[in-house]
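K.L.:
got a predicted structure here, sequence first:
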There are 2 protein chains.
Amino acid sequence: MTPTMLSVMEVIIALKQIPLFASVHGEGLKRLSDVIREKRVAEAEIVFAKTDLGEEMYLVYSGKILIYHELAGHDEPLEIIDPSGYFGEMAIIDEQPRSASARAQQDSTLLVLHRDDFRTAVLDYPDIAFAVFRGFSQRIRRADGRIRSLATELRRMHSEIES
Amino acid sequence: MTPTMLSVMEVIIALKQIPLFASVHGEGLKRLSDVIREKRVAEAEIVFAKTDLGEEMYLVYSGKILIYHELAGHDEPLEIIDPSGYFGEMAIIDEQPRSASARAQQDSTLLVLHRDDFRTAVLDYPDIAFAVFRGFSQRIRRADGRIRSLATELRRMHSEIES
């Protein structure tokens, strides 16, 4: 496979469509497109595995990425990231290993942003922070919902066994 | 009870000790102290309940606040917020109802920050954003851990019942 590289203009147009960067304009988009690297992954290819160290976050240009936990014997899907979505920001924020694994569900093109460039973008365009806040906050609400339903199910089973 | 109000200086000293505002100095701390409101809550008093609407976040000056879910018949504790910690930022970020309830575990003094003033602080001091990112990221990792252990326990019980 000899993939055609995206042009600067294509990257800029893609960045404009990513809600995370809705507050970034003209020169800022140009600067981001300068530091962004393109990465192609084939269907079923692993982008990163839980506990990997990583200094980069990923924007989905095309394709679909599955975020999942590997549990004993099966994968627990957490989220599917569609074009214009992003993932992998947690490890670059807290400098901890990846908290989950990421795998391509179809051939995908990713835009790769290094931690330092993400930091610079947030300092230059603090509105990006509010987009990141909202993303985290949605994820916490989803996780809380999952905890509530698992905890309720577990209590139900305990009381069935006891009765 | 006629509580003595905190002086501006006491509020500034408290803000300096809050990791969230580690990047804010002199004039910025003064500005924050101008817009912050003090709130005393007695032991067992509810600060807010899940599904409440709210436009304010809280910094703990003294005391202890329990964040919890009310499940059928029992409270599921999520987190205890100690002095210098903060809570209630999610609802002001995504403008959704409170995702959990908050109750004083002992008499506590809170510093109350309105959504608009929090926003101004982040725009003036974007480093605050990275402190918020880290807080969210810790919370997501904790939630993921809880989901993993609940899901594993549930599968164990299912396979015990089936065997």
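P.N.:
Right, received. Where do you want to start?

K.L.:
low pLDDT regions in chain A?
P.N.:
Filtered on pLDDT under 70, chain A yields the residue ranges A:1-3.

K.L.:
for the most centrally placed residue in chain A, what are its contacts?
P.N.:
Residue closest to the average C-alpha location in chain A (C-alpha atoms, centre = their mean): A:F87, at 0.8 Å. By C-beta atoms under 8 Å, 6 or more residues apart in numbering or on different chains, the residues touching A:F87 are A:57-58, A:60, A:65, A:67, A:79, A:81, A:102. For glycine as for every other residue, the C-beta is placed from the backbone atoms N, C-alpha and C.

K.L.:
mind redoing it with 10 Å?
P.N.:
A:47-48, A:57-60, A:65-67, A:78-81, A:98, A:100, A:102, A:110, A:135 (C-beta atoms under 10 Å, 6 or more residues apart in numbering or on different chains).

K.L.:
which residues pair with it across the strands?
P.N.:
A:Y58 (DSSP bridges).

K.L.:
what helix or strand is A:G145 on?
P.N.:
Here A:G145, judged by DSSP states H and E, is contained in helix A:127-162.

K.L.:
touching chain B at all, that helix?
P.N.:
Yes: residues of helix A:127-162 are located near chain B by C-beta under 10 Å from any C-beta of the partner chain, namely A:127-130, A:132-158, A:160-161.

K.L.:
what residues of that helix count as buried?
P.N.:
A:127-137, A:139-141, A:143-144, A:146-147, A:150-151, A:157 (16 or more other C-beta atoms under 10 Å in any protein chain shown).

K.L.:
got it, and stretch A:52-63?
P.N.:
A:54, A:56-61, A:63.

K.L.:
which one of these is nearest to B:K39?
P.N.:
When these are compared for distance to B:K39 (C-beta to C-beta), A:M57 wins out at 37.4 Å.

K.L.:
burial of A:D82, as a residue count?
P.N.:
A:D82 has 10 neighbouring residues, counting by other C-beta atoms under 10 Å in any protein chain shown.

K.L.:
sorry, that was for A:L78
P.N.:
20.

K.L.:
now it: closest residue in space, sequence neighbours ignored.
P.N.:
A:I67 (4.7 Å; C-beta to C-beta, 6 or more residues apart in numbering or on different chains).

K.L.:
doesn't A:H69 lie inside a strand?
P.N.:
Yes: A:H69 forms part of a strand when assessed by DSSP: H, G, I helix; E, B strand; the rest coil.

K.L.:
my guess is it contacts A:E76, does it?
P.N.:
Yes: contact criterion C-beta atoms under 10 Å: A:H69 and A:E76 qualify, at 4.3 Å.

K.L.:
all good on my end, thank you.
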